[in-house]
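Novice: Okay, here's the prediction I keep looking at, along with the sequence it came from:
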Amino acid sequence: MSQESRTPVDISSLKEKYNIRLPRSYKEQTSAPQTVHFSEELESTIPETVDELKTENRKLKEEIAKLKRQNSQMEIDFEEKLEKSQENINQMKEEIDFLANINQQFGAENDQLIKNLDDFENIEFRNLFRVFGNDSEEEDTESDDEKNEKGARVSNSVSI
């Protein structure tokens, strides 16, 4: 690689073009004019590399665009599912409130029926006690009286 096969590159123009800052160590190494030489071999591969990079860059941009479309579609699907889920949640809340109200009404009705049943049982128990309790005493008393009267009649008729 002779000096003739190299193309000089002005570093100051590179610094300006690419907005780069050189490290201090590089500045210290090169106190001579700041030029870099590329070999012809390296220069010949640059266009191929540039084309390859452009092709890869295009492919990556296409892939990014595809991923952005997929992401947008996923966001739309997610929003639709979220909205539908919220509607389902709201409907379930309404149903729960309705069923809770019915349950509360049945509970109140059940409490009233239990109270009525207790009242009825108390009344029925008192009536049964009155009918059977008093009647059986009267029947027993009357039966005893009747027995006594019959017995007295029988004994009077036997003694006459």
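Specialist: Good, I have the coordinates. In this text, all values refer to a predicted model and were calculated from it rather than measured experimentally.

Novice: tally of neighbours for residue 11?
Specialist: When neighbours are defined as other C-beta atoms under 10 Å, residue 11 has 17 of them. No exception for glycine: its C-beta is placed from N, CA and C like everyone else's.

Novice: average pLDDT for whichever helix or strand residue 110 is part of?
Specialist: Using DSSP states H and E, residue 110 sits in helix 40-128. Helix 40-128 comes out with an average pLDDT of 90.

Novice: Stretch 11-27 too?
Specialist: For stretch 11-27, mean pLDDT is 72.

Novice: Show me what counts as buried in it.
Specialist: Neighbour-count burial for stretch 11-27, counted by 16 or more other C-beta atoms under 10 Å, picks out residue 11.

Novice: Could you export it as PDB, CA atoms only?
Specialist: Written as PDB, here are the backbone C-alpha positions of stretch 11-27 (Å, rounded to 0.1, in the frame of the first residue of the first chain):
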ATOM      1  CA  ILE A  11     -10.600  15.300   9.200                       C
ATOM      2  CA  SER A  12     -11.800  18.800   9.700                       C
ATOM      3  CA  SER A  13     -14.400  18.300   7.000                       C
ATOM      4  CA  LEU A  14     -15.400  14.900   8.500                       C
ATOM      5  CA  LYS A  15     -15.800  16.600  11.900                       C
ATOM      6  CA  GLU A  16     -18.000  19.200  10.400                       C
ATOM      7  CA  LYS A  17     -20.000  16.800   8.200                       C
ATOM      8  CA  TYR A  18     -20.800  14.300  10.900                       C
ATOM      9  CA  ASN A  19     -20.600  16.600  13.900                       C
ATOM     10  CA  ILE A  20     -18.100  14.400  15.700                       C
ATOM     11  CA  ARG A  21     -15.600  15.200  18.400                       C
ATOM     12  CA  LEU A  22     -12.200  13.600  18.300                       C
ATOM     13  CA  PRO A  23     -10.800  12.000  21.400                       C
ATOM     14  CA  ARG A  24      -7.800  13.800  23.100                       C
ATOM     15  CA  SER A  25      -5.600  10.800  22.500                       C
ATOM     16  CA  TYR A  26      -6.200  11.000  18.700                       C
ATOM     17  CA  LYS A  27      -5.400  14.700  18.700                       C
END
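
Novice: mind checking how far residue 130 is from residue 124?
Specialist: As for residue 130, its distance to residue 124 is 11 Å (criterion: C-beta to C-beta, to the nearest Å).

Novice: do the same with residue 118
Specialist: Distance of residue 118 to residue 124, given as C-beta to C-beta: 11 Å.
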